[in-house]
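*Asks:* Give the three-dimensional model of this entry:
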Amino acid sequence: MKIEHVGLMVQDLEGMRHFYEHYFEGQAGQKYHNPKTTFQSYFLTFSDGARLEIGTKENLKSADKSVWTGYAHLAISVGSKEKVDELCQRFLADDFEVKSGPRTTGDGYYEAVILDPEENEIEITI
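*Replies:* Predicted structure coming up:
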């Protein structure tokens with residue numbers, strides 16, 4: 001078995017699409033829109049074939065984020081310590097919060113944790 005994709009509900013669909021394309025080289029497919037339910041989404045495909053679906057609905061734009069449930073974090077492997085360090089510096093330069101790292105964790109991961117534009121944690125690792 002394999003995970004087919006991970007879904008993430010967001011408030012700013014286009015902004016989040018741009019974020020994952022710009023920083024992680026995701027390639028967005030065609031936008032899906034169901035006018036009846038107001039659901040809209042993109043599937044982003046990454047170089048190894050992994051896919052992330054980002055979606056939104058009309059009522060999420062005004063919802064209190066504290067009532068949402070979602071993932072604890074998304075881990076993205078970027079291949080090397082140097083790439084982790086480089087991306088961490090890019091995020092800092094672009095005024096994103098680096099929550100921790102870069103560092104080697106107690107269980108041996110080299111990682112940095114950043115917050116995306118909607119404050120979801122992304123672990124950048126080797």
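*Asks:* Do I have it right that Tyr32 meets Tyr42?
*Replies:* Yes: counting by CB atoms under 8 Å, Tyr42 is a contact partner of Tyr32 at 7.4 Å. Backbone N, C-alpha and C define where each C-beta goes, glycine included.
*Asks:* between the two, who's got more neighbours?
*Replies:* Tyr42 (23 against 12; other CB atoms under 10 Å).
*Asks:* need the contact list for the more buried one.
*Replies:* Applying CB atoms under 8 Å, 6 or more residues apart in numbering to Tyr42 gives the contacts Leu13, Arg17, Ala28, Gly29, Gln30, Lys31, Tyr32, Glu53, Ile54, Gly55.
*Asks:* buried subset of those residues?
*Replies:* Leu13, Arg17, Ala28, Glu53, Ile54, Gly55 (16 or more other CB atoms under 10 Å).
*Asks:* Closest one of these to Ile124?
*Replies:* The nearest member of those to Ile124, counting by CB to CB, is Ile54 at 17.9 Å.
*Asks:* contacts for the helix or strand that contains the closest one?
*Replies:* Assigned by DSSP states H and E, Ile54 belongs to strand 51-56. Identification of contacts with strand 51-56 by CB under 8 Å, 6+ apart yields 4-13, 16-17, 20, 26, 39-46, 74.
*Asks:* What pairs with that strand, parallel or antiparallel?
*Replies:* Sheet pairing of strand 51-56 (DSSP bridges) gives strand 6-9 (parallel), strand 39-45 (antiparallel).
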